[in-house]
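K.L.:
Fold the following.
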Amino acid sequence: MIKTLVWRPLQRLIDFMSGSATGGLVLMGTAALAMVVANSPLGPAYFDALHVELGPLSVLHWINDGLMAIFFLLVGLEIKREFIDGELASNRLRILPGLAAFGGMAAPALIYLAINWNSGDAAKGWAIPSATDIAFALGVAALLGSRVPASLKAFLAALAIIDDLGAVIIIAVFYTPGLDLLYLGLSAAVVAAMAVANRLGVRSLWPYLTLGVVLWICVHASGVHATLAGVATALCIPLRDGEGRLPSDGDCTHSPLLRLEHALHRLVPITVLPLFGFANAGISFAGLGVDAWLANTTLGVGLGLAVGKLVGVFGTSWLAIRLGWAEMPREASTVQLLGTALLCGIGFTMSLFIGMLAFPTHPELQDEAKLGILAGSVLAGLAGWLVLRSASRRAG
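P.N.:
Okay, the predicted model is just below:
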């Protein structure tokens with residue numbers, strides 16, 4: 001009886017906090033808290049704590065390399081499910097979000113490079129504004145409720161999934177400084193073992209998760225960023241049940257992938273992402289003047305997110321629809337598509353993550369990138385919210 005009285009409210013609290021809207025707000029709150037702490041008398045202790053060594057890695061590295069592997073595991077599960085049995089399961093469904101995602105990654109990168117082409121190491125941050133934060137973007141859309149058509153929310157989710165896939169490829173190809181061939185070979189062997197388990201019909205999650213931990217160790221030692229072990233593990237986990245059937249009506253009872261995805265959807269938004277936001281969003285504004293806000297890195301990231309995402313996503317989508325290559329999402333207007341494109345400029349989590357990889361030895365460039373991410377994401381989020389809100393009023 002007592003267990004029920006305690007457990008049910010706790011479960012409801014977890015369900016509420018892990019919802020798309022609330023999860024985005026929790027992440028926003030922890031990021032704001034990090035900036036408050038970083039600029040308070042606790043600032044020195046905050047930064048020192050992040051660099052405390054725990055075994056082979058610092059606290060910050062355990063969060064960014066270890067905990068974020070769980071986030072990437074969730075990303076990989078979503079990518080696999082959407083491509084096999086979701087909004088991206090056919091070429092017809094992939095056309096519009098696929099083209100929009102490509103445009104939404106290319107335009108911000110070009111804007112960033114146009115500003116930073118002659119800025120030395122700063123040019124390495126070209127991929128920072130290319131990513132969309134799915135938790136934040138869908139959170140803003142969820143806050144607008146029925147004002148955003150379900151088809152546009154599905155479009156935004158599909159676009160963000162493809163965007164995440166692009167970010168994973170970019171991290172693997174462009175932000176891998178060196179490779180240890182022995183550990184890379186061991187990583188491939190572990191992935192092969194998981195693939196064989198899938199083919200043999202293993203439906204228990206523990207063999208995959210155990211091998212996933214081994215894979216993380218090998219990938220970390222290989223020189224490839226360790227979080228990619230999460231994606232590789234996810235792609236090996238079976239979606240179908242023991243009889244080879246796809247899950248129906250969201251029933252996750254017999255699908256290992258859906259069971260794990262549902263569990264992580266409740267865990268990641270209230271643990272991994274807030275910790276990541278708190279550890280990485282802290283910026284000390286002491287000594288930061290107008291020059292930092294107008295630095296090429298700051299401008300490149302901020303304009304890439306606020307302007308580049310709009311131009312890339314909306315421009316590519318509008319052109320594809322006008323040329324007849326794709327159809328406008330059902331019950332959506334051009335203005336609502338414009339507002340959704342603006343929301344894609346919220347690039348918080350993945351942009352911060354890529355910023356850490358782009359400038360590992362340049363803390364000043366990391367801070368400038370954080371300023372750009374903060375400014376660009378806030379502008380894009382507010383503009384998208386206002387456009388979608390006014391569009392729904394006109395439609396009503």
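K.L.:
Residue 33 and residue 274 touch, don't they?
P.N.:
No - the criterion here is Cβ atoms under 8 Å, and residue 33 misses it with residue 274 at 9.1 Å. For glycine as for every other residue, the C-beta is placed from the backbone atoms N, C-alpha and C.
K.L.:
Tell me which of the two has more neighbours.
P.N.:
Ranked by neighbour count (other Cβ atoms under 10 Å), residue 33 and residue 274 place residue 274 first, with 21 against 15.
K.L.:
And the strands in the stretch 51-200 of the chain, which stretches?
P.N.:
Listed in chain order, the strands of the stretch 51-200 of the chain (DSSP state E, counting those that start in this stretch) span 53-54, 57-58.
K.L.:
Switch those over to TSV; also include mean pLDDT, mean neighbour count and distance to residue 385.
P.N.:
As requested, the strands of the stretch 51-200 of the chain are exported to TSV (pLDDT from 0 to 100; neighbours: other Cβ atoms under 10 Å; distance: least, Cβ to Cβ, whole Å):
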stretch	mean pLDDT	mean neighbour count	distance to residue 385
strand 53-54	90	10	40
strand 57-58	88	16	37
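K.L.:
Among those, which comes closest to residue 259?
P.N.:
Residue 259 sits nearest to strand 57-58 of all the strands of the stretch 51-200 of the chain, at 29.7 Å, using Cβ to Cβ.
K.L.:
Need the contact partners of the closest one.
P.N.:
Contact with strand 57-58 is made by 50-52, 65-66, as judged by Cβ atoms under 8 Å, 6 or more residues apart in numbering.
K.L.:
again, only using 7 Å
P.N.:
For strand 57-58, contacts defined as Cβ atoms under 7 Å, 6 or more residues apart in numbering pick out 50-52, 65.
K.L.:
Now for those residues: which two are most distant?
P.N.:
52 and 65 (15.2 Å).
K.L.:
And for residue 278, the neighbour number?
P.N.:
22.
K.L.:
For residue 40, see how far away it is.
P.N.:
As defined by Cβ to Cβ, to the nearest Å, residue 278 lies at a distance of 14 Å from residue 40.
K.L.:
what's residue 321 in contact with, if anything?
P.N.:
By Cβ under 7 Å, 6+ apart, the contact list for residue 321 reads 327-328.
K.L.:
Ramachandran angles for it?
P.N.:
Residue 321 has phi and psi values of phi -70, psi -40 when expressed as degrees, to the nearest 10.
K.L.:
Make CSV out of the strands of the stretch 51-200 of the chain and add distance to residue 333.
P.N.:
Below are the strands of the stretch 51-200 of the chain laid out as CSV (distance: least, Cβ to Cβ, whole Å):
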stretch, distance to residue 333
strand 53-54, 52
strand 57-58, 49
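K.L.:
Looking at these, which is nearest to residue 318?
P.N.:
Across the strands of the stretch 51-200 of the chain, closest to residue 318 is strand 57-58 (Cβ to Cβ), at 45.7 Å.
K.L.:
Run me through the strand neighbours of that closest one, direction for each.
P.N.:
strand 53-54 (antiparallel) (DSSP bridges).
K.L.:
So what touches the partner strand?
P.N.:
Contacts for strand 53-54 (Cβ under 7 Å, 6+ apart): residue 62.
K.L.:
do stretch 163-181 as well
P.N.:
75, 79, 101, 104-105, 127, 131-132, 134, 221-225, 228, 231, 350, 354, 357-358.
K.L.:
quick revisit: filter the contacts of strand 57-58 down to the buried ones.
P.N.:
The neighbour-count test (16 or more other Cβ atoms under 10 Å) marks 50, 65 as buried among those.
K.L.:
Including pLDDT, could the contacts of strand 57-58 go into CSV?
P.N.:
As requested, these are exported to CSV (pLDDT from 0 to 100):
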residue, pLDDT
50, 92
51, 91
52, 94
65, 88
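K.L.:
any weak-confidence spans in this structure?
P.N.:
1-24, 249-252, 287, 392-396 (pLDDT under 70).
K.L.:
Check the offset of the longest helix seen in it from the chain's centre.
P.N.:
Using DSSP state H, we find that the single longest helix of the chain is helix 363-395. Relative to the chain's own centre, helix 363-395 is displaced by 16 Å; criterion: Cα atoms, centre = their mean, to the nearest Å.
K.L.:
What is that helix packed up against?
P.N.:
helix 134-143, helix 290-293, helix 296-303, helix 334-343, helix 348-358 (3 or more Cβ pairs under 7 Å, 6 or more residues apart in numbering; DSSP states H and E).
K.L.:
Now that helix: buried residues?
P.N.:
Neighbour-count burial for helix 363-395, with 16+ other Cβ under 10 Å as criterion, is recorded at 365-381, 383-385, 387-388, 391-392.
K.L.:
Let me have the contacts of strand 57-58 in TSV, extended by distance to residue 110.
P.N.:
Formatted as TSV, the contacts of strand 57-58 follow (distance: Cβ to Cβ, whole Å):
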residue	distance to residue 110
50	33
51	35
52	40
65	30
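K.L.:
Now intersect the contacts of strand 57-58 with the helices, please.
P.N.:
residue 50.
K.L.:
Could you report the separation of residue 113 from residue 217?
P.N.:
Counting by Cβ to Cβ - residue 113 and residue 217 are separated by 36 Å.
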